[in-house]
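Peer 1: Sequence and predicted structure are below.
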2 protein chains.
Amino acid sequence: MDRFKDVLKASNLKSTHQRLAILDCIDMFGHIDVDTLYEAILRKYPTMSKATLYRNINDLISFHILEEVKLPNQKQQYEIKKVPHIHLLCTHCGCVEDVFVETKTLLDAVKDKSGFTISNSFIVMNGTCELCSSQVISNNTQNTCSLEMQTL
Amino acid sequence: MDRFKDVLKASNLKSTHQRLAILDCIDMFGHIDVDTLYEAILRKYPTMSKATLYRNINDLISFHILEEVKLPNQKQQYEIKKVPHIHLLCTHCGCVEDVFVETKTLLDAVKDKSGFTISNSFIVMNGTCELCSSQVISNNTQNTCSLEMQTL
DNA sequence: AATAAATAGGATAATTAATATCTTATTAAG
DNA sequence: CTTAATAAGATATTAATTATCCTATTTATT
Ligand SMILES: [Mn+2]
Ligand SMILES: [Mn+2]
Ligand SMILES: [Zn+2]
Ligand SMILES: [Zn+2]
């Protein structure tokens, strides 16, 4: 249990309840923005200060434990850092999915054409997720692909 | 002269000096963030309110005349909307370059693997631009690939 | 050119977002 | 258990963005 204790220890960060709650919650949601995250965490830790959340998000990012996910026309989200991957944003239900596909061919093409030495890439694609396209959805209906928080 | 008058007229937007200055300035820089833009515009229009800038940026985006460019670990930038392309951000000098390469192969691969219907993609790559890699640059030296504003 | 309606700008206030400060509490090591 | 180091919470501060309201400008029409 609490795999994140080890992650924190590896960076010499103390395993506070708040940090573990933040990491667990982000992990559970997959991808989440600050406000949704704060709201969710308040259910378990009604006393947590928003400053603590911001402070920790920034600290955890600088230790490469978290990673920011910038989405077009959306609030910034965060995720547990994993191997490089592509993000898919469903413009119907708002869910964010990870896809792990090879990008080397594209990177090489860009490198050749531009002369840039490329160190990493951030790829987001907009579209409609499988669930949203299977269901014929009226304009004002929303799927809830994104995980609902039960108890944390 | 003032190709942007036609652009504005096409969206039934009035050609105010402020709007034209904003568009000219963004066009000249290529990619620019709000603060740099405001600073640059103040040189020609010392009276322009920041509210006017924000208001216009948002309006012009909603009419698809401008487009936001979200960069990792950077302030949001803006550009004149053009055909889809990839952005290269040089982590040494901060310049942003456009590259026009075919992405269909990658999009198809993602589509196949995920089941998503993809409508558009936002691709940013981090790295070192040609100029920065040609010059052996000390850690605290910065190139100035990005255009300096002369007179507007 | 003058007129008038529609739209946009400027000043400012109000919101919202993010960070900094400081004191108390918690963690983790010995 | 004690202690030093670190982090949390409360709050203040700063920064970023949006809203309001009144005046100015644009543009179509005469
Ligand atoms: Mn992800
Ligand atoms: Mn561009
Ligand atoms: Zn969906
Ligand atoms: Zn460079």
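Peer 2: Great, that's in hand. Ligands and ions are numbered 1, 2, ... in the order given.
Peer 1: OK, contacts around A:Arg55?
Peer 2: Neighbour list for A:Arg55: empty [criterion: Cβ atoms under 8 Å, 6 or more residues apart in numbering or on different chains]. The way it works is simple: take the backbone N, C-alpha and C, and place the C-beta from them, glycine included.
Peer 1: Equivalent analysis for the one 4 residues further on, please.
Peer 2: By Cβ under 8 Å, 6+ apart, the contact set of A:Asp59 is A:Leu13.
Peer 1: gap between it and A:Leu13?
Peer 2: 7 Å (Cβ to Cβ, to the nearest Å).
Peer 1: Walking through chain A, point out its helices one by one.
Peer 2: Secondary structure of chain A by DSSP state H: the helices cover A:3-10, A:17-29, A:34-44, A:50-62, A:104-114, A:130-134.
Peer 1: in the fourth one, what counts as buried?
Peer 2: It refers to helix A:50-62. A:Thr52, A:Leu53, A:Asn56, A:Ile57, A:Leu60 (16 or more other Cβ atoms under 10 Å in any protein chain shown).
Peer 1: Pull the most distant pair out of the residues you listed.
Peer 2: A:Thr52 and A:Leu60 (11.9 Å; Cβ to Cβ).
Peer 1: shaky segments in chain A?
Peer 2: Low-confidence segments of chain A, defined by pLDDT under 70: A:1, A:136-152.
Peer 1: For the closest residue to ligand 2 within it, which residues are in contact?
Peer 2: Distances between chain A and ligand 2 by Cβ to the ion are smallest at A:Ser114, namely 12.5 Å. By Cβ under 8 Å, 6+ apart, the contact list for A:Ser114 reads B:Leu88, B:Glu97, B:Val99, B:Glu130.
Peer 1: Any chance of those in TSV with distance to ligand 4 and neighbour count as columns?
Peer 2: Formatted as TSV, those follow (distance: Cβ to the ion, whole Å; neighbours: other Cβ atoms under 10 Å in any protein chain shown):
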residue	distance to ligand 4	neighbour count
B:Leu88	9	25
B:Glu97	9	21
B:Val99	14	18
B:Glu130	8	14
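Peer 1: Turn those into TSV, including distance to DNA strand D.
Peer 2: Output for the contacts of A:Ser114, formatted as TSV (distance: Cβ to the nearest atom of the strand, whole Å):
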residue	distance to DNA strand D
B:Leu88	23
B:Glu97	23
B:Val99	26
B:Glu130	30
